[in-house]
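A.B. asks: Build me a structure from this.
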Amino acid sequence: MDSCGSIDYNKQGMAHAMTGNYLQALNEFNRAILLHPHNAEAYYHRALVYRSLADYQLALDDFAQAIELQPTSISAYYQRGITYYLYKKYRQAIHDFSSALALEPDHIQAAIGRGIAYIEMEEYEQALPNLSRALARDIKQATTMGAFGSRGQAYAALKRFDAAIEDFDRALLFKPDDIVLLNRRGAAYTDNRQPEYALADYNRALALNPQLAFTYNNRGEAYRLLNMYAEAIADFDRALRLDPSLATVYYNRGIAYSSIEQPHQALMDYNHALELDPTLHSVYQDRASVYAHLKRHREAINDYNRIIGDDGGAVGALLSRGIQYIALDEFKLAMQDFNAVIELHEDFSCAYHYRGEVHLHLYNLEQAQADCARSWQLDMTHIEHGWMTQWIAMCCIDEPDIDMAQRLEAIAARDPENYTAYLCRGTAYWLRDDTEQALEEFKYAISMVRERWDAYFWKAMACISLRHDYEARVALEQALDAHMPPALLAPLRLHTQDRPDFYVEYALPLLARYTPTLRE
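C.D. replies: Numbers count the residues shown, from 1 in each chain. From the prediction side, this is the model:
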């Protein structure tokens, strides 16, 4: 074996590799290895060339040979770790970076490499000490190698946005024109509910390169969160002109359209997003919400089925599917969904509330009252739960209960500008015979949410007291058309004393039409 000749070939190979003449470099390293098969350095440098040619497996084979010949070679472990990383074999990369660090604990590059590999594996808590270790050993070198930017990325993934922003600030001091860092800091501001600060980063990034679709998308998201929907949609449009294959941008634009009550435009974007990427699971939830808004209940259920099929414990989808079944009068299926939610989360107040609504449709007033009372007990921030308990109570009395007015006012005081608060106050006014003021509260509630049924019913109750009979009849039909459980018509009986004429002529036949016992 000619070791001197091997060394010469090795030097020539390195020179060719430095100039990018990789094929000639391979020839030289091959010759070096033929002359000296135990030349660890030749295997090491040939591995680097194979990696430059993206032939990762051959590179790994050569690094393995180099390490076998020279087991304490820190560089071989480190460079093989990088190769595994590029080959997306992150666990093996971490093993090699760890081997390098075992041989040289102050190896900055290996600590950073291990941290970045953990980030790729979404093991962010593991990434942090490695990146911090590198920064503690040599902050200047670690900064030049992007440790602050990578640690900021890990902090952001862990939703520790203040720490992420601080790290991105320090990274940008070193690289103020780094477009990726600007986007990441902008995203951290956006996720930290500070989208107004994100705009400056995205504007800077676009000034540096106005042809990057992902920056327009990110700025569009910041605008959307600032309720600047026209600007958001314009940015999403720009992103899609640059790259029409971005499913996420269609999805984001769909959310913006939905926010400005353009459900058909939103639906088109959601459909396009799913055509491009059927695995974008969050789209199904938003598309289902649009279908529900458009009263396309069966299509909404199909989307909820998809979500539940992917995650049987998706309580939000189970609850929403149950609500769609209510709209289709499929009460048995609705009950099954709400029962499933309660089985998974026994303290989920809304599940009790909607199960109570199913019981109302089935005329099970006692069970409805129990479920609605439970929902109110579990969560008194949702005042509709308390409101429904009082309404059901009024279905079971023969004359107005003045103490109920105080209870309704107390419920309304918890969230005074909520739609339901107007109903509570209006009903309290009505119970106190301040009917004109009651009617104003109900009318305002209707102006807030026109598709809800409860305000129409209580508007009718006030109109009956005021002898606005035609308006009362219209409001009652509107409530029923909006799918009010007919069992909730029962408070009409409270008018037997003050309006016996209306009660006999219209209310009693209406109750008979919908109430099973009266029909019999």
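
A.B. asks: Quickly note the distance from residue 212 to residue 202.
C.D. replies: Separation of residue 212 from residue 202 (C-beta to C-beta, to the nearest Å): 10 Å. C-betas here are computed from N, CA, C, even on glycine.

A.B. asks: Equivalent analysis for residue 8, please.
C.D. replies: As judged by C-beta to C-beta, residue 8 and residue 202 stand 54 Å apart.

A.B. asks: Can you tell me the centre-most residue of this protein?
C.D. replies: The residue lying closest to the centre of the chain (C-alpha atoms, centre = their mean) is residue 282, at 6.7 Å.

A.B. asks: thought that one was touching residue 248?
C.D. replies: No - between residue 282 and residue 248 there is no contact under C-beta atoms under 8 Å: 9.6 Å.

A.B. asks: which non-adjacent residue is nearest the residue nearest to the centre of the chain?
C.D. replies: In space, and not counting its chain neighbours, residue 282 is closest to residue 251: 7.3 Å by C-beta to C-beta, 6 or more residues apart in numbering.

A.B. asks: ok, back up a step: what about residue 8 and residue 202, which has more around it?
C.D. replies: More crowded of residue 8 and residue 202, by other C-beta atoms under 10 Å: residue 202, with 29 against 15.

A.B. asks: Return the residues in contact with the more buried one.
C.D. replies: By C-beta atoms under 8 Å, 6 or more residues apart in numbering, residue 202 lies in contact with 182-183, 186, 215, 218-219, 222.

A.B. asks: make it 6 Å
C.D. replies: Contact analysis of residue 202 by C-beta atoms under 6 Å, 6 or more residues apart in numbering lists 186, 215, 218-219.

A.B. asks: Need the per-residue pLDDT for it.
C.D. replies: Note on residue 202: pLDDT of 98.

A.B. asks: what's the closest non-adjacent residue to it?
C.D. replies: Per C-beta to C-beta, 6+ apart, closest to residue 202 is residue 219, 3.8 Å.

A.B. asks: cool, residue 426 as well?
C.D. replies: Residue 426 sits nearest to residue 441 (C-beta to C-beta, 6+ apart), 3.2 Å away.

A.B. asks: what about the one you found, which helix or strand?
C.D. replies: If you go by DSSP states H and E, residue 441 is part of helix 435-448.

A.B. asks: buried sites along that helix?
C.D. replies: By 16 or more other C-beta atoms under 10 Å, the buried positions in helix 435-448 come out as 435, 438-442, 445-446.

A.B. asks: Report the residue spans of the stretch 401-520 of the chain with pLDDT below the cut-off.
C.D. replies: 516-520 (pLDDT under 70).

A.B. asks: Take the buried residues of helix 435-448 and lay them out in a markdown table including distance to residue 498.
C.D. replies: Output for these, formatted as a markdown table (distance: C-beta to C-beta, whole Å):
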| residue | distance to residue 498 |
| --- | --- |
| 435 | 10 |
| 438 | 14 |
| 439 | 15 |
| 440 | 20 |
| 441 | 19 |
| 442 | 18 |
| 445 | 23 |
| 446 | 23 |
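
A.B. asks: Return the member of those residues nearest to residue 167.
C.D. replies: Checking these against residue 167 by C-beta to C-beta gives residue 445 as the nearest, at 48.5 Å.

A.B. asks: can you tell me how far that closest one sits from residue 451?
C.D. replies: In this view, residue 445 and residue 451 are 12 Å apart by C-beta to C-beta.

A.B. asks: Check residue 198 too.
C.D. replies: Relative to residue 451, residue 198 is positioned 35 Å away (C-beta to C-beta).

A.B. asks: ok, now residue 412?
C.D. replies: Remark: distance between residue 412 and residue 451 (C-beta to C-beta) = 21 Å.

A.B. asks: Looking at the two, which one has more neighbours?
C.D. replies: Using other C-beta under 10 Å as the criterion, residue 412 and residue 451 rank with residue 412 on top: 24 against 9.

A.B. asks: Give me the contact list for the host helix or strand of that one.
C.D. replies: Using DSSP H and E, residue 412 sits within helix 402-413. Residues outside helix 402-413 that contact it (C-beta under 6 Å, 6+ apart): 383, 386, 390, 421, 424-425, 427-428, 431-432.

A.B. asks: Which strands or helices does the strand or helix carrying residue 307 pack on?
C.D. replies: In this assignment (DSSP H and E), residue 307 forms part of helix 297-310. Applying 3 or more C-beta pairs under 6 Å, 6 or more residues apart in numbering; DSSP states H and E, one finds that helix 297-310 contacts helix 281-293, helix 315-327.

A.B. asks: can you redo these as a markdown table with distance to residue 349 and mean pLDDT?
C.D. replies: Compiled in a markdown table, the helices and strands packed on helix 297-310 are given as follows (distance: least, C-beta to C-beta, whole Å; pLDDT from 0 to 100):
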| stretch | distance to residue 349 | mean pLDDT |
| --- | --- | --- |
| helix 281-293 | 20 | 96 |
| helix 315-327 | 11 | 96 |
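
A.B. asks: and residue 467, which of the ones you listed is closest to it?
C.D. replies: helix 315-327 (34.2 Å).

A.B. asks: Could you list the buried residues of the closest one?
C.D. replies: Buried, per 16+ other C-beta under 10 Å, within helix 315-327: 315, 317-326.

A.B. asks: Is it possible to get CSV of those that adds distance to residue 122?
C.D. replies: Shown next, in CSV, are those (distance: C-beta to C-beta, whole Å):
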residue, distance to residue 122
315, 24
317, 24
318, 27
319, 29
320, 28
321, 30
322, 33
323, 34
324, 34
325, 36
326, 39
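
A.B. asks: Pick out whichever of those residues sits closest to residue 46.
C.D. replies: Ranked by distance to residue 46 (C-beta to C-beta), these are led by residue 317 at 54.4 Å.

A.B. asks: Could you give the number of residues near the spatially closest residue to residue 276 that is not a sequence neighbour?
C.D. replies: Sequence neighbours aside, residue 247 is the residue nearest to residue 276 in space, at 3.8 Å (criterion: C-beta to C-beta, 6+ apart). For residue 247, the count of nearby residues is 18 (other C-beta under 10 Å).

A.B. asks: and what of residue 136?
C.D. replies: The local packing of residue 136 (other C-beta under 10 Å) involves 12 other residues.

A.B. asks: Let me know the pLDDT of it.
C.D. replies: At residue 136, pLDDT is 95.

A.B. asks: which residues touch it?
C.D. replies: Shown here is residue 136, which makes no contacts under the criterion C-beta under 6 Å, 6+ apart.

A.B. asks: quick one: secondary structure of it?
C.D. replies: Secondary structure, DSSP: H, G, I helix; E, B strand; the rest coil: residue 136 is helix.

A.B. asks: What distance do you get for it to residue 441?
C.D. replies: The value you get for residue 136 to residue 441, if C-beta to C-beta is used, is 63 Å.
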